[in-house]
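Colleague: I would like to see how this sequence folds:
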Amino acid sequence: MRIILLVLTLVAQPVWWLGLIREWFTADRRLTAERRFFGSAVYQDKFEVRHFVLLSLSYGVLASVISVVLGITIPLSWALGYVVLSAIAVLIGPAAGVPVTVMTLAVLIYQVFDPVKHFSGISGTLRDAGIRTASTPMIGLLAVMVMSLFIGGLWLRRIGGRFEAPRIYAQRRGKLIAGYRFNELLVVPMLVLVPGNWFTSHFAFWPVLTINHQSVTFLFLPLLIGLRMTIFKQMQRVAIGRLAKWVLMLSGLGVLMLILTYFYPAAFLPAIVGLYLFYLLLIVWTRWHDRHQSFWFSKVDRGVRVLGIKPETPAAKMEIDTGDIIIECNHESVNSETEFYEALLSNSTYCHLRLQTPNGDLKVTETAIFAGSPHEIGIVVFRDKTY
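Modeller: Residues are numbered from 1 along each chain as shown. Take a look at the predicted model:
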C-alpha cells in the first residue's frame, strides 16, 4: 500500500505539470506557424505533448530502476534547490544548454552557498526536522548528472529528426530559406534515495529503509531534459542523430568519472564542471558544423523545393526526401507552387514526379492521388505569396 501511495505522489510533481503545459503551448505555436507559412499544419497532432507524456514516464521507469539498483543517494536540500531551478527553467524554455546548466548550477550552489556551512546552529535545526546535513556522498549528484546525459542521448536518438517541421526565414537580401526547429522537453520522474526521516515524520505512509544504521526514504526527482535547436543546412535527423551519439559517448565518459570519484572523492567537482563544459562544446560544435555547410533549404528559381512530407498522404509513399527539388510534375516543368498544383490537376488520379536531389542526382517517382484533391498529395513547398 505504501508503494502505491508513493507512486501516486507523481501527480503532485509541479515541474512535471509545468512541463506538460509548456509542451501544449509549444505545440500550439508550431501549429499556428505552420498554418501561417503553408496554409495547413505539416503535422496535425500535438506530437510534442505525446512525446512528453509517454517518454517522460517510460524513461522514468528506466532511470528509477538504474537508480534503485545503484542506490543513488542525494541530499534533500540539493533536491529542493534543483526542483526550484528546474521550474524556472521550464518557464524559460528548453534552450540548448539549459537542462544541464540547471544541474550544474544546482551542484555549484549547493557546494558554495550551502547554508549549513555558513550559519552556525542551522545544522541542529535541520537535524531536528529530520533533514540530514552531513554524510551524504556527493557522488550521487554526479550519478544524477550522468543519468541525465544518458537519458538525453537515448531520447535524442529516438525522436531527433523524426518530425521535421519547417519554418520560413528571410535572409538579409530577401531570399527565403527553411529551418527545422527541434523544440521539445521531458521531465523524467527518477526515484532516488534521500537520507533522513523528514518525510516519514510528516507522512506516515512514506517508505523508509535502513542502510548501515542510516534511515533513507524514496523521492521522485523531476529530471529535466530538453533541447531547442534550429538546423538550416543539414537533414535534421542527421544533425540531431550525430549529437545524440556524442551525448551518449559523453555519458560513457561520465561513468568513468563516477568510478574515479568513487576512489578519489576530490574528483567530484572537476568531473561535474568537465562534463558540463564538454556538453556545451557539443552544442556549440553542432551549430557551428551546421552553419558551415554549403547547402541551404532555400527557394529555387528552377523547380520547387520540397520542405516536408505530411504523414499518411500519397507523398509519404513516394521516394521523396526533404530538400529534393521537383523539376517536372506529370511531364510538365514547374517553377512555383501554383505551377506545381496546376500540373497535378492535369491528371487527377496519378502523380508522376521528376526530382533532383541536393547532390544533383535525378530520380523519378510516382503514385496514385485522391481524385480531385491535388492539395492533399502531402508535399510541403514554399508558397507563392509573401510571408
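Colleague: how far is stretch 151-167 from where the chain is centred?
Modeller: 7 Å (CA atoms, centre = their mean, to the nearest Å).
Colleague: list the contacts for the closest residue to residue 362 other than its chain neighbours?
Modeller: Using CB to CB, 6 or more residues apart in numbering and skipping residues adjacent in sequence, the residue nearest residue 362 is residue 356, 5.7 Å away. Yep, even glycine has a C-beta here, placed from its N, CA and C like the rest. Shown in contact with residue 356 (CB atoms under 8 Å, 6 or more residues apart in numbering): 303, 324-325, 327, 362-363.
Colleague: Ramachandran coordinates for residue 356?
Modeller: Dihedral pair for residue 356: phi -120, psi 130, per degrees, to the nearest 10.
Colleague: For it, which residues count as its bridge partners?
Modeller: residue 325, residue 362 (DSSP bridges).
Colleague: Okay, strands next: where are they in this protein?
Modeller: Per DSSP state E, the chain carries strands over the ranges 166-170, 176-195, 208-211, 214-231, 304-309, 325-329, 332-333, 350-356, 362-368, 379-381.
Colleague: Turn these into TSV, including distance to residue 37 and mean pLDDT.
Modeller: Formatted as TSV, the strands of the chain follow (distance: least, CB to CB, whole Å; pLDDT from 0 to 100):
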stretch	distance to residue 37	mean pLDDT
strand 166-170	5	89
strand 176-195	9	90
strand 208-211	55	56
strand 214-231	14	86
strand 304-309	9	91
strand 325-329	18	92
strand 332-333	25	91
strand 350-356	22	89
strand 362-368	25	87
strand 379-381	9	90
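Colleague: Could you point out which of those strands sits nearest residue 297?
Modeller: Nearest of the strands of the chain to residue 297, taken as CB to CB: strand 176-195 at 4.0 Å.
Colleague: State the distance from residue 284 to residue 185.
Modeller: 21 Å (CB to CB, to the nearest Å).
Colleague: If you could redo that for residue 154, that was the one I meant.
Modeller: 15 Å.
Colleague: Next, name the residue at the spatial heart of this structure.
Modeller: The centroid of the chain falls nearest to residue 226 when counting by CA atoms, centre = their mean (3.7 Å).
Colleague: so who does residue 241 touch?
Modeller: Residues near residue 241 by CB under 8 Å, 6+ apart: 156-157, 160-161.
Colleague: same deal with residue 53?
Modeller: So residue 53 contacts residue 20 (CB under 8 Å, 6+ apart).
Colleague: that older thread, out of the contacts of residue 356, which one sits closest to residue 377?
Modeller: Nearest to residue 377 among the contacts of residue 356, with distances taken as CB to CB, is residue 324, at 14.0 Å.
Colleague: returning to that earlier point: compare residue 284 and residue 185 (neighbour count), which wins?
Modeller: residue 185 (25 against 12; other CB atoms under 10 Å).
Colleague: Which residue is the nearest non-sequential neighbour of that one?
Modeller: The spatial neighbour of residue 185 that comes closest, neighbours along the chain excluded (CB to CB, 6+ apart), is residue 226 at 3.8 Å.
Colleague: do residue 35 as well
Modeller: That would be residue 41: by CB to CB, 6+ apart, it lies 5.7 Å from residue 35.
Colleague: I'd assumed residue 33 was in contact with that neighbour.
Modeller: No - here residue 41 does not reach residue 33: they are 9.0 Å apart, not a contact under CB atoms under 8 Å.
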